[in-house]
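*Asks:* I would like the atomic coordinates for the input below:
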Amino acid sequence: CQSKRFFRHMIHSRIVTVWIVLALGIGGREPPIPSSSLSVVPTRFLASRSGEHHRQDSVVRRGMTLFPDGASPGELLRFVTDGASRAEPESAKVIRDYVRGDTVRAHRSFQLNGVRWIELRNTGYVEAARVDRVPVPVRGNLAAGREGLSLGRVLPWDYEPSDLEPVAEPYKAADFETRALRLRREARRAFERMIEAAAAEGVVIRLFSGWRSAEYQAALYARNVDRRGPTQRVSAAPGRSEHQLGTAADVAAPGVPLMTPALADAAAGRWIARRSAEFGIAMTFSRERHERRGVAFEPWHLRWVGDAVNDDREW
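*Replies:* Model prediction:
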């Protein structure tokens with residue numbers, strides 16, 4: 001009887017121990033990301049292992065939303081640049097080479113010396129910057145201001161709004177007059193109205209960048225990852241760029257160097273800060289938002305979000 005009681009006690013203790021380990025996530029899980037860099041992602045924006053949608057009411061916690069942000073165990077990932085799996089993190093020994101578009105399964109993700117890594121199932125380690133989640137397919141055009149990039153959506157490679165229209169030459173910046181520049185119809189009209197309103201007050205604002213394909217963004221991203229390293233925060237990963245939405249544009253002003261914070265203190269930047277919301281246009285990487293999105297302050301990057309201009313929860 002004593003032996004039976006002893007074994008029942010041991011079995012009960014082991015079951016309780018296993019339950020506690022599973023409940024607390026002890027062993028095998030990556031360290032928690034600081035809450036300041038986390039976003040809650042509705043799973044309608046995430047692909048499941050089988051390619052189907054997860055439950056609509058469940059959420060996962062994600063990091064900065066313009067760059068690949070790690071992976072859950074078993075998650076299907078796609079290479080967004082050419083890359084290689086390595087025998088160990090930071091090792092020069094290559095196990096296998098991959099090209100953009102190849103898919104792999106994640107075992108876990110973790111951070112080492114400031115760089116996030118993915119341990120793949122049975123195939124070594126790869127920098128997290130080189131792989132990203134497989135997107136959920138999109139039907140039709142996404143609703144402006146509710147596209148969900150700020151919540152972690154990854155756009156499909158072939159996402160191209162059907163209502164893209166060319167921007168007329170008078171609205172383009174100097175030296176960009178012959179550059180093909182397109183925006184979604186309502187976004188184009190909003191930007192043109194904004195430019196005309198600024199001109200009526202003697203302020204010159206012009207556009208020099210609009211819609212970008214994922215292919216174009218992938219080339220920019222790969223170049224910056226290769227040159228600046230996996231922690232670069234200059235180019236968004238393909239599928240995560242607001243330019244692919246067709247509602248974002250980069251603006252310029254005479255006498256102000258392109259893509260510099262100096263625009264914020266120029267007449268054009270001050271006018272934009274004061275009046276752009278009237279046209280449904282927001283500075284998505286403003287002083288208040290840029291750290292949350294993991295990029296530098298970009299006063300030249302504007303996005304038409306329509307009636308969601310004062311509510312950035314689903315941008």
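
*Asks:* C-alpha only now, for contacts and for neighbours.
*Replies:* Fine.

*Asks:* which residue is nearest the middle of this protein?
*Replies:* Closest to where the C-alpha atoms of the chain average out (CA atoms, centre = their mean) is L66, at 2.4 Å.

*Asks:* is it true that that residue lies in a helix?
*Replies:* No: applying DSSP: H, G, I helix; E, B strand; the rest coil, one finds L66 to be coil, outside a helix.

*Asks:* quick one: pLDDT of it?
*Replies:* In this prediction, L66 carries a pLDDT score of 92.

*Asks:* ok, R292 next?
*Replies:* 81.

*Asks:* Three-state assignment for it, please.
*Replies:* Going by three-state DSSP: R292 is helix.

*Asks:* before we move on, what about the one 4 residues further on?
*Replies:* Three states are possible here, and by three-state DSSP the one that applies to A296 is coil.

*Asks:* I figured it was touching F285, is that so?
*Replies:* Yes: counting by CA atoms under 8 Å, F285 is a contact partner of A296 at 7.4 Å.

*Asks:* and those two? Which one has more around it.
*Replies:* F285 (21 against 15; other CA atoms under 10 Å).

*Asks:* what helix or strand is that one on?
*Replies:* Per DSSP states H and E, F285 falls between elements, in no helix or strand.

*Asks:* and it, what does it touch?
*Replies:* F285 is in contact with R293, V295, A296, F297, E298, P299, H301, counting by CA atoms under 8 Å, 6 or more residues apart in numbering.

*Asks:* what are the ranges of the helices in this protein?
*Replies:* 2-24, 185-200, 214-228, 267-275, 290-293 (DSSP state H).

*Asks:* lowest mean pLDDT across the ones you listed, which one is that?
*Replies:* For the helices of the chain, where the average pLDDT is lowest is helix 2-24, sitting at a mean of 38.

*Asks:* tell me which residues are up against the top strand by length along the chain.
*Replies:* Assignment by DSSP state E gives strand 103-112 as the longest strand of the chain. By CA under 8 Å, 6+ apart, the residues outside strand 103-112 that reach it are 28-31, 70-79, 116-121, 128.

*Asks:* show me which residues of that strand are buried.
*Replies:* T103, V104, R105, A106, H107, R108, S109, F110, Q111 (16 or more other CA atoms under 10 Å).

*Asks:* would you reformat those residues as CSV and include distance to A84 and pLDDT?
*Replies:* What follows is these, written out as CSV (distance: CA to CA, whole Å; pLDDT from 0 to 100):
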residue, distance to A84, pLDDT
T103, 12, 97
V104, 11, 97
R105, 14, 97
A106, 14, 97
H107, 16, 97
R108, 17, 96
S109, 16, 95
F110, 17, 95
Q111, 18, 95
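
*Asks:* out of the residues you listed, which is nearest to A214?
*Replies:* Among the buried residues of strand 103-112, T103 lies closest to A214 (CA to CA), at 17.1 Å.

*Asks:* so what's the closest one bridging to?
*Replies:* R78 (DSSP bridges).

*Asks:* sketch out the low-pLDDT regions of the stretch 1-150 of the chain for me.
*Replies:* 1-64 (pLDDT under 70).
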